[in-house]
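A.B. asks: what's the 3D shape of this:
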Amino acid sequence: MPGRATAPESGKLLELAAQKVAEDLSLEVLSQVRVGRRVWGAERRIDLVVRQKESGRRLGLECKYQGTPGSAEEKIPAVIRDIEAWPIDGLVVISGEGFSANMKAYLLSTGKVVYLEDLEVWLRLYFGLEI
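C.D. replies: Numbers count the residues shown, from 1 in each chain. The predicted model follows:
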C-alpha cells in the first residue's frame, strides 16, 4: 500500500526502489531499454519499462533523484519533453529533498511526474489493478 517505499539516497537506489514497487505488483520490469537516438545522435534509453503480462500494456519510468539543491532539477522539464518521443506512455518518478518548491509545483502540474511514495497507487490506477 502507499508509503511502503523507503527513501532512496541516489538515482540508482531510486531506480531499484521503483522497480521493487512494480515487481511487488506482479508487473514485469526491464531496465535501461534502448529506444532509438536523440537529435544529436546520443542513444535514448528509458530507465525502466514496466509491463503488465495480461494486457501487454507498458509504461516507461524515468527515475530522478535530487538530494541537495542544484541544477539537476532543471533537466527534468527536458526529460518530460523527451517522453513525448517514446513509443509508449511515460512517467518521471522523483525523490530527494533537493527539489525547490517552485520546481516541485511545476513538475507535479505536468501530470507526468510522481513521487516515489505515490508510485504504487499510480501504477495500480494505470494498469487497472485493485486499490
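A.B. asks: helix or strand: which one has K53?
C.D. replies: Following DSSP states H and E, one finds K53 outside all helices and strands.
A.B. asks: now do the helix or strand hosting K20: which elements does it pack against?
C.D. replies: Element membership for K20, per DSSP H and E: helix 11-24. In terms of contacts (3 or more Cβ pairs under 8 Å, 6 or more residues apart in numbering; DSSP states H and E), helix 11-24 is packed against strand 28-37, strand 43-51, strand 58-65, strand 89-95, helix 119-127. In this view, the C-beta of every residue, glycine as well, is placed from N, C-alpha and C.
A.B. asks: check the offset of that helix from the chain's centre.
C.D. replies: 9 Å (Cα atoms, centre = their mean, to the nearest Å).
A.B. asks: about what we covered before: got the helices and strands packed on helix 11-24 as JSON lines, with mean pLDDT columns?
C.D. replies: Shown next, in JSON lines, are these (pLDDT from 0 to 100):
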{"stretch": "strand 28-37", "mean pLDDT": "88"}
{"stretch": "strand 43-51", "mean pLDDT": "92"}
{"stretch": "strand 58-65", "mean pLDDT": "95"}
{"stretch": "strand 89-95", "mean pLDDT": "94"}
{"stretch": "helix 119-127", "mean pLDDT": "97"}
